[in-house]
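J.: Generate coordinates for the sequence data below:
(one chain, ligands or ions: 1)
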Amino acid sequence: MILKEILEQCQNRRAKAQMLAEYNYKIALDNEEFFQAEKAYRNLNFEYGKNPNEQTLSKVNDINKTRKQILEKLGLRISPQYQCTTCQDTGYKNGKLCLCIKQEVSKRISDICAIPKNIRCDFEQCDLSVFSNELQRKIMESTYEKMKDYCKKFPDTPINSIIFSGSTGTGKTYLISAMASELSMSGFDVFFTTAFGLNNIFLKSHTAKIEEKSQYIEPLLKCDLLIIDDLGTEPMYRNVSNEYLYTIINERKINKQHTLISTNLNQDEILTRYGERIFSRLNNKADSLFLSLEGSDIRLNKKK
Ligand SMILES: [Zn+2]
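T.: Have a look, this model is predicted:
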């Protein structure tokens, strides 16, 4: 969803830039001086095409200079002004996603989870030397390798839900952001939200008219990957938070769709806060993983 939206916006920008350029060209042609210069420019170009020579080329250049001066005087730009000159707002360069798109994906994701904007969230850019604690760094190195592999094989992995548990500063939000970027850019429909944002969606759906309820919930059910950042920090609304969360998680489990969760809570706290039904769906050994990123807990990957 993130990538699709960004590409659509980019291509809309391209279409607008082209339309504006065409519009400006029409206005410019209404100006007699430009009209004459343009006519002469076209004729000379045609002449040069038939018989290329220095003399005509020099005339072409001269008249081109004149038409540019007239346009400047009129304050009109007749060539499309693209935001990204590398891909001309197509989003692609040599068949690959342009850097402008990658940066925008990363920016969107950091906006959601409040990661500083100057940090690009992806596996390429991550610098694990920021972890001064050696144990913490080793845990992250090993987790990063596993998650890169998960992303490479996505969605064909036996595991379809992962909980990253750890206190603030363990790098769990950065890790899920990198995964979100990676999979978004591979073209998967990634829905990235904070637990707080998710709760708001639940509340909107709960209070909406019956025929409008599903429009809020559907993206959460349909996306290839649902990522919930910071589970446990959201307020709990009676008859809403847990009920909706269970429905989403249960439906996704039944359909073997992937869900990633980051949380400050440990397993016991998840059980207490969300109850047995949700806990057991997220702790099913066959298709779930609970990763503690806590430096003090060396039992990485231990599944309970
Ligand atoms: Zn670009």
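J.: gap between residue 10 and the ion?
T.: Residue 10 sits at a distance of 7 Å from the ion (criterion: CB to the ion, to the nearest Å). Quick note: C-beta positions are derived from backbone N, CA and C, even for glycine.
J.: swap that for residue 63, sorry
T.: Distance, residue 63 to the ion, using CB to the ion: 33 Å.
J.: Which parts of the strand or helix carrying that residue count as buried, going by neighbours?
T.: Element membership of residue 63, judged by DSSP states H and E, is helix 54-74. Using 16 or more other CB atoms under 10 Å as the test for burial, helix 54-74 gives 56, 59, 60, 63, 66, 67, 70, 71, 74.
J.: List the contacts of the most centrally placed residue in the chain.
T.: Among the residues of the chain, the one closest to the centroid is residue 105, at 3.0 Å (CA atoms, centre = their mean). Counting by CB atoms under 8 Å, 6 or more residues apart in numbering, residue 105 touches 2, 3, 6, 181, 184, 185.
J.: so the second one makes contact with residue 181?
T.: No. Counting by CB atoms under 8 Å, residue 3 sits too far from residue 181 to count as a contact (9.5 Å).
J.: Which of those two has more residues huddled nearby?
T.: The neighbour comparison of residue 3 against residue 181 (other CB atoms under 10 Å) goes to residue 181, with 27 against 23.
J.: The more buried one and residue 229, how far apart?
T.: Separation of residue 181 from residue 229 (CB to CB, to the nearest Å) stands at 14 Å.
J.: still on that earlier bit, quick one: distance of the helix holding residue 63 to the chain centre.
T.: Its chain's C-alpha centre and that of helix 54-74 lie 44 Å apart, by CA atoms, centre = their mean, to the nearest Å.
J.: From the contact counts, what lies against that helix?
T.: helix 2-29, helix 32-50 (3 or more CB pairs under 8 Å, 6 or more residues apart in numbering; DSSP states H and E).
J.: Go again with 7 Å.
T.: In terms of contacts (3 or more CB pairs under 7 Å, 6 or more residues apart in numbering; DSSP states H and E), helix 54-74 is packed against helix 32-50.
J.: and the helix it packs on, which residues are buried?
T.: Per 16+ other CB under 10 Å, helix 32-50 contains these buried residues: 34, 37, 38, 40, 41, 44, 45.
J.: and if you look at stretch 167-177?
T.: Quick answer for stretch 167-177 (16+ other CB under 10 Å): 170, 171, 172, 173, 174, 175, 176, 177.
J.: Serialize those residues to a markdown table and add fields for distance to residue 125, pLDDT and secondary structure.
T.: Formatted as a markdown table, those follow (distance: CB to CB, whole Å; pLDDT from 0 to 100; DSSP: H, G, I helix; E, B strand; the rest coil):
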| residue | distance to residue 125 | pLDDT | secondary structure |
| --- | --- | --- | --- |
| 170 | 18 | 79 | coil |
| 171 | 13 | 82 | coil |
| 172 | 17 | 87 | helix |
| 173 | 15 | 86 | helix |
| 174 | 10 | 84 | helix |
| 175 | 13 | 89 | helix |
| 176 | 15 | 90 | helix |
| 177 | 11 | 88 | helix |
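J.: Of those, just say which sits nearest to the ion.
T.: residue 177 (21.2 Å; CB to the ion).
J.: measure that closest one to residue 2 for me?
T.: As judged by CB to CB, residue 177 and residue 2 stand 11 Å apart.
J.: Can you find the helix or strand in the protein with the smallest mean pLDDT?
T.: The helix or strand of the chain with the lowest confidence, counting by mean pLDDT, DSSP states H and E, is helix 99-113 at a mean of 79.
J.: And it, how far out from the chain middle?
T.: With CA atoms, centre = their mean, you get 5 Å for helix 99-113.
J.: quick check: angle from it to helix 2-29?
T.: 130 degrees (axes from the mean of the first three to the mean of the last three CA atoms, to 10 degrees).
J.: can I get the CA coordinates of helix 99-113 in PDB?
T.: In PDB, the C-alpha atoms belonging to helix 99-113 read as follows (Å, rounded to 0.1, in the frame of the first residue of the first chain):
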ATOM      1  CA  LEU A  99      16.100   6.500  -5.400                       C
ATOM      2  CA  CYS A 100      13.400   9.200  -4.900                       C
ATOM      3  CA  ILE A 101      10.800   6.500  -4.400                       C
ATOM      4  CA  LYS A 102      13.000   4.500  -2.000                       C
ATOM      5  CA  GLN A 103      13.600   7.700   0.100                       C
ATOM      6  CA  GLU A 104       9.900   8.500   0.100                       C
ATOM      7  CA  VAL A 105       9.000   4.900   1.300                       C
ATOM      8  CA  SER A 106      11.500   5.200   4.000                       C
ATOM      9  CA  LYS A 107      10.300   8.700   5.000                       C
ATOM     10  CA  ARG A 108       6.600   7.500   5.200                       C
ATOM     11  CA  ILE A 109       7.600   4.700   7.500                       C
ATOM     12  CA  SER A 110       9.700   6.900   9.700                       C
ATOM     13  CA  ASP A 111       6.800   9.300   9.900                       C
ATOM     14  CA  ILE A 112       4.500   6.600  11.300                       C
ATOM     15  CA  CYS A 113       6.900   5.400  14.000                       C
END
